[in-house]
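J.: please work out how this folds:
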Amino acid sequence: MNISLDDMVVFAVVVEQQSFTKAADTLGLGKARVSQVVSKLESNLETRLLNRTTRSLSLTEAGALYYQKCKEIQDIANLANTEVQQDTAEPSGLIRISTPVGSPELVRLLSEFLKLHPKIRLDILESDGYQDLTEERCDIAIRASAALADSSLYAVKIGEFTDMLCASRSYLERFPPVNGLQDLDQMNWLSHAIVHGHKHLVLKNNQQQVSVLNKEPSLSVRTTAMLRDFVLMGEGFAVMPSFVIENELKSGRIVRLLPELHGVTVSLYAVYQHKTLMPKKVRALIDFFKAHPLSSSV
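T.: Below is the predicted model of the structure:
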């Protein structure tokens, strides 16, 4: 089978550019040559890789699989060249990070990291959804332990926190003191729909005994940041990770309720795609997280 690595790179660029013309410009080749390479690949592999129309290109099922392999080879080659060139150089470049929450402690640590590595830039995507690292072109994702089902990814634990029952001080002033779970019946429950659902709230004590509050939420949201904002506005009580409301707990704007009860213990991980084929800038951040695990002072 007469297939060269160069031909595989050409195919990968065509897929990424979604155009033979743009791929030809990127590679410095003629459009006819690029088209010829793809046709030769399909002939040698005896399968169609691309669906072509006058306006668009799309991958076939075989083409999608082949592109992933071509992309891996391209990434290995690029990384090898980069590492040789920058073996003694200071880490530099852009790191894209996906994170589900805006933790003050995470912000502080990333600020320290930037001071240590002034040639590195960060692009942070904040979302409670679990982003596909490849589709979003993210180098690292900060994820909770429940989101580590993808065995193709690698992870390093960077912190552990507890979900706590809380409400704003202004909201609590409208009600009698909260001494037990039954006192929450008259209050509004603000739910994170992805984490807690819509039917009941499950809490545990330090002996892992379970308490259940059968109550429908007055409000459901799908982002931690919005849940925190509604709590601060005095709309009700919620269960939130301690590191998300750390500043508000210290200032007294948010108060922890029934401290003998808590939600799940959340382990946070820095998730990445390559264990050995890792750019120096990403390795620097992973090593920094290992040396400076996230913690909460509340």
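J.: give me the distance between Arg121 and Pro259.
T.: Going from Arg121 to Pro259 by Cβ to Cβ, to the nearest Å gives 41 Å. For glycine as for every other residue, the C-beta is placed from the backbone atoms N, C-alpha and C.
J.: with neighbour numbers in mind, choose between the two.
T.: Higher neighbour count among Arg121 and Pro259: Arg121, with 13 against 9, using other Cβ atoms under 10 Å.
J.: so the more buried one bridges to which residues?
T.: Leu94 (DSSP bridges).
J.: what's the longest helix in the protein?
T.: Criterion DSSP state H: the longest helix present in the chain is helix 61-85.
J.: ok now that helix, how far from the chain's centre?
T.: 22 Å (Cα atoms, centre = their mean, to the nearest Å).
J.: where in the stretch 51-200 of the chain is pLDDT low?
T.: 83-88, 101-102, 128-131, 145-152, 195-199 (pLDDT under 70).
J.: what do you get if the cut-off is 80, keeping everything else the same?
T.: Along the stretch 51-200 of the chain, segments meeting pLDDT under 80 span 54-55, 78-89, 100-104, 127-136, 144-153, 193-200.
J.: mind listing the helices for it?
T.: Assigned by DSSP state H, counting those that start in this stretch, the stretch 51-200 of the chain shows helices spanning 61-85, 104-116, 169-172, 193-196.
J.: look up how far Thr224 lies from Asn214.
T.: Distance from Asn214 to Thr224, by Cβ to Cβ: 24 Å.
J.: the more surrounded of these two?
T.: Shown here are Asn214 and Thr224; by other Cβ under 10 Å, Thr224 has more neighbours (23 against 8).
J.: surely that one meets Pro241?
T.: Yes. Using Cβ atoms under 8 Å, Thr224 is in contact with Pro241, at 7.3 Å.
J.: so Asp7 sits right up against Val34, yeah?
T.: No. Using Cβ under 8 Å, Asp7 is not in contact with Val34, being 10.2 Å away.
J.: so these two - more neighbours on which side?
T.: Val34 (24 against 17).
J.: what helix or strand is that one located in?
T.: Assigned by DSSP states H and E, Val34 belongs to helix 31-45.
J.: tell me how far that helix lies from the chain's centre.
T.: 37 Å.
J.: just give me the neighbour total for Gly63.
T.: 23.
J.: so who does the closest residue in space to it that isn't next to it in sequence touch?
T.: Closest residue to Gly63 apart from its sequence neighbours, by Cβ to Cβ, 6 or more residues apart in numbering: Leu49 at 3.6 Å. Applying Cβ atoms under 8 Å, 6 or more residues apart in numbering, we find Leu49 in contact with 11, 38, 41-42, 59-60, 62-63, 66-67.
J.: hmm, Ser170 is touching Gly234, no?
T.: Yes. Under the criterion of Cβ under 8 Å, Ser170 makes contact with Gly234 at 4.7 Å.
J.: how far does stretch 257-264 sit from its chain's centre?
T.: Using Cα atoms, centre = their mean, the offset of stretch 257-264 from its chain centre is 27 Å.
J.: can you give me the end-to-end span of it?
T.: 15 Å (Cα to Cα, to the nearest Å).
J.: buried residues, that stretch. List them.
T.: Buried positions in stretch 257-264, judged by neighbour count with 16 or more other Cβ atoms under 10 Å: 257-258, 261-264.
J.: any chance of TSV for these, columns distance to Leu184?
T.: What follows is the buried residues of stretch 257-264, written out as TSV (distance: Cβ to Cβ, whole Å):
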residue	distance to Leu184
Leu257	8
Leu258	8
Leu261	10
His262	14
Gly263	14
Val264	18
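J.: got those residues as a markdown table, with secondary structure columns?
T.: Output for those, formatted as a markdown table (DSSP: H, G, I helix; E, B strand; the rest coil):
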| residue | secondary structure |
| --- | --- |
| Leu257 | coil |
| Leu258 | coil |
| Leu261 | coil |
| His262 | strand |
| Gly263 | coil |
| Val264 | coil |
